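**Student:** With the sequence up front, the predicted model follows.
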There are 2 protein chains.
Amino acid sequence: MKNNETVLDDLKAVLKTKGMKYTEQRAIILQILLNIDDHLNAEEVLSIVKVKYPDQKIGIATIYRTLNFLEEVNLISSISFGKDGKKYEGNNEEHHDHIICTGCGKIVEFLDDTIEKKQEEIASQNGFKITDHTMQIFGLCSECQSTKK
Amino acid sequence: MKNNETVLDDLKAVLKTKGMKYTEQRAIILQILLNIDDHLNAEEVLSIVKVKYPDQKIGIATIYRTLNFLEEVNLISSISFGKDGKKYEGNNEEHHDHIICTGCGKIVEFLDDTIEKKQEEIASQNGFKITDHTMQIFGLCSECQSTKK
DNA sequence: GTCAATGCAAATCGTTTGCATGAAC
DNA sequence: GTTCATGCAAACGATTTGCATTGAC
């Protein structure tokens, strides 16, 4: 797992090569996603900014613009499903896939080598190149199984 | 693969048990999804109604309401990703999974037994019950690979 | 005749965009 | 000083909702 400084350096480097500017807002948003062990949507990132950086005012538009950019340059990843919009996580951990509870939105991470290999195999058989190794299993977690009749 | 009549009977049965009414609109929307070999979003369903059932006027709200209902009772399934909203297909074919091109939206269906089994295994290890055997691989199809630099 | 479903328009939600101001270089 | 990024509010597209009317039972 990469540390914060390394990834922030990556950010600075990408920005420079693209003729873009290094700003507090961009650094803050990236750091939040690197340090939290959860998947956040734009609104959730905003509310964390308000709590952890109360003197910083970041507009929701900036959050969206920054999240889109960070994903584009592969510093963060997103998963999206039904309601609740896109959720993001920092790319400082190993690659993994997600099981998502369609009841409560709970997300469990896992990695299975057999599936990874099969995925590549099937994709290439169909002429596809998997861009980001994303796979999503949807289901009901144990709590939601008992709730839903 | 089930035929139309069977599935329409299923629809009538579910509606009855739920104290809901059998309407032309609901039957039309379900039939469209059963008979087309494609994945449609709400707007696309509407435009097919206009072409194939020109004397029927169905409002977009009804389409959305009906699609939500049909998915709930498992007569159709949805996949959703990025833009373009949710896409639906009729549940008259065998279960299968999807590879989705993030470039052009092209969808390829596949079925792999090894992955199916592994999915179940991993899900149950985590206390999850896969509700609808849905898995999505995102990537770039061969055309989009050449387009994107 | 009763109650649920429909169509329409207004409302809502997540997200994007235009533009004047402010910050990075 | 120039150029890009920000914040705000307005715009947007997909989807949902409220309500009076219509249709199924």
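**Tutor:** In hand now; what should we look at?

**Student:** in which helix or strand would I find A:K50?
**Tutor:** Using DSSP states H and E, the element containing A:K50 is helix A:42-52.

**Student:** Report whether that helix contacts DNA strand D.
**Tutor:** No. Contact of helix A:42-52 with DNA strand D is not found when judged by CB under 7 Å from any atom of the strand; the minimum separation is 9.0 Å. Every C-beta, even on glycine, is put in place using the N, C-alpha and C of the backbone.

**Student:** any bit of that helix sitting next to chain B?
**Tutor:** No. For a cut-off given as CB under 8 Å from any CB of the partner chain, helix A:42-52 has no contacts with chain B; the smallest distance is 14.8 Å.

**Student:** Now that helix: buried residues?
**Tutor:** A:A42, A:E44, A:V45, A:L46, A:I48, A:V49 (16 or more other CB atoms under 10 Å in any protein chain shown).

**Student:** how about the residues of chain A that lie near DNA strand D?
**Tutor:** A:15, A:19-21, A:23, A:25-26, A:56-62, A:65-66.

**Student:** try 6 Å
**Tutor:** Counting by CB under 6 Å from any atom of the strand, chain A comes close to DNA strand D at A:19-21, A:23, A:25-26, A:57-59, A:61-62, A:65-66.

**Student:** Tell me which entries of the residues you listed lie within helices.
**Tutor:** Counting by DSSP state H, the residues of chain A next to DNA strand D place A:Q25, A:R26, A:A61, A:T62, A:R65, A:T66 in helices.

**Student:** Any of these buried? List them.
**Tutor:** In these, burial by neighbour count holds for A:Q25, A:R26, A:T62, A:T66, counting by 16+ other CB under 10 Å.

**Student:** and the helix holding A:K50, what other elements does it pack with?
**Tutor:** helix A:24-35, helix A:60-72 (3 or more CB pairs under 8 Å, 6 or more residues apart in numbering or on different chains; DSSP states H and E).

**Student:** so how far is that helix from its chain's centroid?
**Tutor:** Computed by CA atoms, centre = their mean, to the nearest Å, the chain-centroid distance of helix A:42-52 equals 15 Å.

**Student:** rewinding a little: what is the nearest of the buried residues of helix A:42-52 to DNA strand C?
**Tutor:** A:A42 (4.4 Å; CB to the nearest atom of the strand).

**Student:** And chain A, split by domain according to the record?
**Tutor:** A:1-93, A:94-149 (automatic domain parsing).

**Student:** Out of those, flag the one nearest B:F138.
**Tutor:** Nearest to B:F138 among the domains of chain A is domain A:94-149; the distance by CB to CB comes to 4.9 Å.

**Student:** Which of the three states applies to A:I99?
**Tutor:** strand (DSSP: H, G, I helix; E, B strand; the rest coil).

**Student:** Please read the previous query as pertaining to A:I137.
**Tutor:** Classified using three-state DSSP, A:I137 is strand.

**Student:** what about stretch A:115-133, near chain B?
**Tutor:** Yes. Judged by CB under 8 Å from any CB, stretch A:115-133 and chain B are in contact via A:I115, A:K118, A:Q119, A:I122, A:A123, A:N126, A:G127, A:F128, A:K129, A:I130, A:T131, A:D132.

**Student:** The first one belongs to a strand, doesn't it?
**Tutor:** No. Residue assignment for A:I115, taken from three-state DSSP, gives helix, which places it outside any strand.

**Student:** check contacts around the closest residue to A:S80 other than its chain neighbours.
**Tutor:** Computed as CB to CB, 6 or more residues apart in numbering or on different chains, the closest residue to A:S80 that is not its neighbour in sequence is A:K86, at 4.3 Å. Each residue near A:K86 by CB atoms under 8 Å, 6 or more residues apart in numbering or on different chains is listed here: A:N41, A:A42, A:L67, A:S78, A:I79, A:S80.

**Student:** Next: A:N74.
**Tutor:** Counting by CB under 8 Å, 6+ apart, A:N74 touches A:N91.

**Student:** Which pLDDT value does the model give A:G90?
**Tutor:** A:G90 carries a pLDDT value of 91.
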